[in-house]
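Asks: Have a look; sequence and predicted model below, questions after that.
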Amino acid sequence: MAQGDNGSSKSSSVTPYEEALDALSSLITKRTRVGDVNMEERFNVLYKYLKMLDLEEAISNMKIIHVAGTKGKGSTCTFTESILRNCGFRTGLFTSPHLIDIRERFRLDGVEISEEKFLVYFWWCYDRLKENTDDNVPMPTFFHFLALLAFKIFAAEQVDVSIMEVGLGGKYDATNVVPTPIVCGITSLGYDHMEILGNTLGEIAGEKAGIFKHRIPAFTVPQPDEAMHVLREKASQLNVPLQVVTPLDAKLLNGSRLALGGEHQYINAGLAIALCSTWLKMNGHLEDSYLKHIQHTLPEKFIKGLTTASLQGRAQIVPDQFINDEIPNELVFFLDGAHSPESMEACARWFSLAIKDQDQILFHQKLDNSNFSNQVVKMHNGETVQKKSTQILLFNCMSERNPQLLLPHLMKTCADHGVYFKKALFVPGLSVYHKVGSHALPATDSDVDLSWQLTLQRVWENLMQGNKEGKSNNSAPEELNMEMSASNCEHSAVFSSLPLVLKWLRDTVQQNQSTRFQVLVTGSIHLIGDMLKLVKK
Ligand SMILES: Nc1ncnc2c1ncn2[C@@H]1O[C@H](COP(=O)(O)OP(=O)(O)OP(=O)(O)O)[C@@H](O)[C@H]1O
């Protein structure tokens with residue numbers, strides 16, 4: 001029987017799945033900072049766990065694609081999985097973090113693992129580790145356990161290819177126990193997790209290049225010189241043939257669109273194509289000559305993979321279901337889990353283009369269906385007015401991040417595209433980051449500490465003061481009633497919870513029927529997960 005956090009037995013109302021999540025939560029420890037612990041020593045313990053789980057041989061036989069990087073790992077892995085699945089292979093995909101359910105991290109043939117299978121493999125690993133660990137070799141930490149579980153699942157399910165996304169860094173990441181991957185990929189590098197990985201791009205690149213293995217081919221995307229220099233140096237030390245892949249040329253998709261939105265996805269797609277073609281070649285499925293052609297034409301199965309892949313919370317557009325029944329498309333959420341300066345820019349570019357695209361789509365819908373009046377709205381007094389779009393920012397980021405870096409990148413890139421936010425809303429996350437399952441939800445809304453959100457608000461208001469010329473191009477609504485916010489300033493507001501934000505947005509939409517609200521939700525993948533839980537109910 002699993003024990004609760006306070007040591008008491010769980011009541012019988014706890015489902016087996018919740019019971020497993022409770023056990024998983026017990027493995028969560030505070031994140032290690034450099035100097036706290038010997039990273040190498042901690043990494044090396046993983047080999048003991050592999051032995052306990054009898055996974056050593058299975059891992060060395062797996063046909064693994066291993067991907068590290070700062071931005072685009074999840075997207076690159078998702079494209080890679082989708083391409084190889086469409087080529088007819090059984091796939092296993094391990095990614096992080098998850099948005100709503102931990103099982104999103106383990107996909108078999110493109111679908112998250114079923115609860116039944118998860119439970120079987122979970123307890124198989126957990127129980128064995130419990131039996132074999134002690135004070136000298138304690139239970140693995142949360143992420144170590146998840147990576148071990150992924151290896152177990154993919155081995156037992158006998159997938160043809162395992163695509164493993166590094167959780168953090170590379171060299172000492174739990175996924176790096178793989179001895180001989182088929183091919184490695186390094187996505188776009190930038191500044192993130194500097195407290196753990198180092199302060200320069202060179203140091204960060206060095207950590208990520210820690211996934212390179214002797215003579216195993218590796219690919220990367222165009223990188224800043226400082227990072228590329230280190231990647232090349234590390235590659236040559238290990239005789240790794242390292243190639244730089246250019247972004248996918250959109251023309252190769254024969255008029256279709258990439259399934260994941262944003263210009264940056266062409267970089268990730270280019271890398272995914274290189275990883276897949278190398279994996280196919282190394283496993284005897286592609287001729288060399290064919291690989292040369294791939295620069296000029298893409299096989300249909302590759303196109304299908306790239307245009308049907310799916311990943312939640314990255315450039316995802318979700319119309320609010322609640323509003324939609326009555327007034328279509330008045331409140332639309334643009335969700336993107338960007339949380340580093342570079343990804344903020346990518347996200348801002350995507351949002352700025354996507355809102356224009358959305359207006360286009362609605363305009364065409366109107367032409368196709370004369371009853372669907374989305375550009376023009378009839379007011380209570382019978383008057384018809386032209387509908388306007390207003391942009392709202394909904395933001396939160398973890399306190400380790402520097403809002404002085406993130407928010408200016410976001411504001412400037414949007415402004416460069418002529419997009420100005422009517423209001424920025426700051427709100428704490430709903431779930432507790434370091435818990436899973438029912439533990440992830442706080443017991444009560446009261447006593448929420450809003451000091452971080454008030455700091456974010458100050459940064460935003462200062463930016464707006466310094467940017468007076470960047471006036472809003474949204475002419476409506478004139479007044480937004482911010483009654484429910486904890487702190488209302490000229491350009492922003494702080495709310496104490498996401499449900500309150502959602503209620504305020506829905507009320508505001510009702511009160512401003514001539515306006516379409518386009519809400520960019522970003523800054524934290526956890527915020528995106530919380531938002532999806534609320535709006536997709
Ligand atoms: N090649 C890229 N260059 C810059 N930004 C990118 C790129 N790819 C993705 N992004 C941005 O990063 C966000 C996260 O994308 P993705 O999940 O693919 O990356 P990740 O490396 O797995 O990130 P995480 O740090 O969340 O694990 C996206 O929502 C987008 O804003």
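Replies: Received, thanks.
Asks: Against which helices or strands is the helix or strand hosting residue 500 packed?
Replies: Using DSSP states H and E, residue 500 falls within helix 498-511. Secondary-structure packing of helix 498-511 (3 or more CB pairs under 8 Å, 6 or more residues apart in numbering; DSSP states H and E): helix 321-324, strand 331-336, strand 515-522, helix 525-535. C-beta coordinates here come from the backbone N, C-alpha and C atoms, glycine included.
Asks: Tabulate the ones you listed (JSON lines), appending mean neighbour count and mean pLDDT.
Replies: As requested, those are exported to JSON lines (neighbours: other CB atoms under 10 Å; pLDDT from 0 to 100):
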{"stretch": "helix 321-324", "mean neighbour count": "14", "mean pLDDT": "60"}
{"stretch": "strand 331-336", "mean neighbour count": "24", "mean pLDDT": "94"}
{"stretch": "strand 515-522", "mean neighbour count": "26", "mean pLDDT": "94"}
{"stretch": "helix 525-535", "mean neighbour count": "22", "mean pLDDT": "91"}
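Asks: show me where pLDDT drops low in the stretch 251-400 of the chain?
Replies: 287-292, 322-329, 358-386 (pLDDT under 70).
Asks: scratch that, the stretch 101-250 of the chain
Replies: 192-198.
Asks: In it, which residue sits nearest the ligand?
Replies: residue 188 (3.9 Å; CB to the nearest ligand atom).
Asks: So which bits of the stretch 51-200 of the chain are right by the ligand?
Replies: 69, 71-75, 187-188 (CB under 6 Å from any ligand atom).
Asks: In the stretch 1-150 of the chain, mark out all the strands, start to finish.
Replies: For the stretch 1-150 of the chain, strands defined by DSSP state E, counting those that start in this stretch occupy the ranges 64-68, 91-94, 106-108, 111-112.
Asks: Minimum distance to residue 219: which of those strands has it?
Replies: Between residue 219 and the strands of the stretch 1-150 of the chain, the tightest spacing by CB to CB is seen for strand 64-68, at 9.6 Å.
Asks: circling back: quick check: which of the helices and strands packed on helix 498-511 is nearest to residue 400?
Replies: Of the helices and strands packed on helix 498-511, nearest to residue 400 by CB to CB is helix 525-535, at 12.6 Å.
Asks: And the ligand, is that closest one touching that?
Replies: Yes: using CB under 6 Å from any ligand atom, a contact is recorded between helix 525-535 and the ligand, made by residue 525.
Asks: elements contacting that helix?
Replies: Right, helix 525-535 is packed against strand 316-319, strand 331-336, strand 388-395, helix 498-511, strand 515-522 by 3+ CB pairs under 8 Å, 6+ apart.
Asks: Need those in CSV (columns: distance to residue 272).
Replies: Listed next are those as CSV, based on distance: least, CB to CB, whole Å:
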stretch, distance to residue 272
strand 316-319, 19
strand 331-336, 19
strand 388-395, 29
helix 498-511, 33
strand 515-522, 23
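Asks: And those: which comes nearest the ligand?
Replies: strand 331-336 (4.3 Å).
Asks: Now do the closest one against strand 388-395: the angle between them, please.
Replies: Between the axes of strand 331-336 and strand 388-395, defined by axes from the mean of the first three to the mean of the last three CA atoms, to 10 degrees, the angle is 40 degrees.
Asks: which residues touch strand 331-336?
Replies: Identification of contacts with strand 331-336 by CB atoms under 8 Å, 6 or more residues apart in numbering yields 262, 313-320, 323, 347, 350-351, 354-355, 358, 505-506, 509, 516-522, 528, 531-532, 535.
Asks: let's see 6 Å
Replies: Applying CB atoms under 6 Å, 6 or more residues apart in numbering, the external contacts of strand 331-336 come out as 313, 315-320, 323, 347, 351, 505, 509, 517-522, 528.
Asks: any idea of the angle that strand forms with helix 498-511?
Replies: Going by the same axes, to 10 degrees, strand 331-336 makes 140 degrees with helix 498-511.
Asks: Name the strands paired with strand 331-336 and say parallel or antiparallel.
Replies: Here strand 331-336 has these sheet partners by DSSP bridges: strand 316-319 (antiparallel), strand 515-522 (parallel).
Asks: Only the buried residues of the first one, if you could.
Replies: Applying a neighbour-count criterion of 16 or more other CB atoms under 10 Å, one finds 316-318 buried in strand 316-319.
Asks: what about stretch 21-39, start to end distance?
Replies: 26 Å (CA to CA, to the nearest Å).
Asks: ok, back up a step: which of the residues of the stretch 51-200 of the chain next to the ligand has the most neighbours?
Replies: residue 72 (30 neighbours; other CB atoms under 10 Å).
Asks: That one contacts residue 187, correct?
Replies: Yes: shown here, residue 72 and residue 187 form a contact pair, counting by CB atoms under 6 Å, at 3.9 Å.
Asks: Dump the residues of the stretch 51-200 of the chain next to the ligand to JSON lines, plus distance to residue 55.
Replies: As requested, these are arranged in JSON lines below (distance: CB to CB, whole Å):
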{"residue": "69", "distance to residue 55": "25"}
{"residue": "71", "distance to residue 55": "30"}
{"residue": "72", "distance to residue 55": "28"}
{"residue": "73", "distance to residue 55": "23"}
{"residue": "74", "distance to residue 55": "24"}
{"residue": "75", "distance to residue 55": "28"}
{"residue": "187", "distance to residue 55": "27"}
{"residue": "188", "distance to residue 55": "31"}
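Asks: ok, of the residues you listed, which one's closest to residue 451?
Replies: Nearest to residue 451 among those, with distances taken as CB to CB, is residue 71, at 28.9 Å.
Asks: highest average neighbour count across the strands of the stretch 1-150 of the chain?
Replies: The highest mean neighbour count among the strands of the stretch 1-150 of the chain, using mean count of other CB atoms under 10 Å, belongs to strand 64-68: a mean of 28.
Asks: Can you dump the C-alpha atoms of that one in CSV for me?
Replies: Coordinates of each C-alpha in strand 64-68 appear next as CSV, following Å, rounded to 0.1, in the frame of the first residue of the first chain:
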residue,chain,number,x,y,z
ILE,A,64,18.0,5.4,-30.2
ILE,A,65,17.8,9.0,-31.5
HIS,A,66,19.1,11.3,-28.8
VAL,A,67,18.3,15.0,-28.9
ALA,A,68,19.7,17.8,-26.7
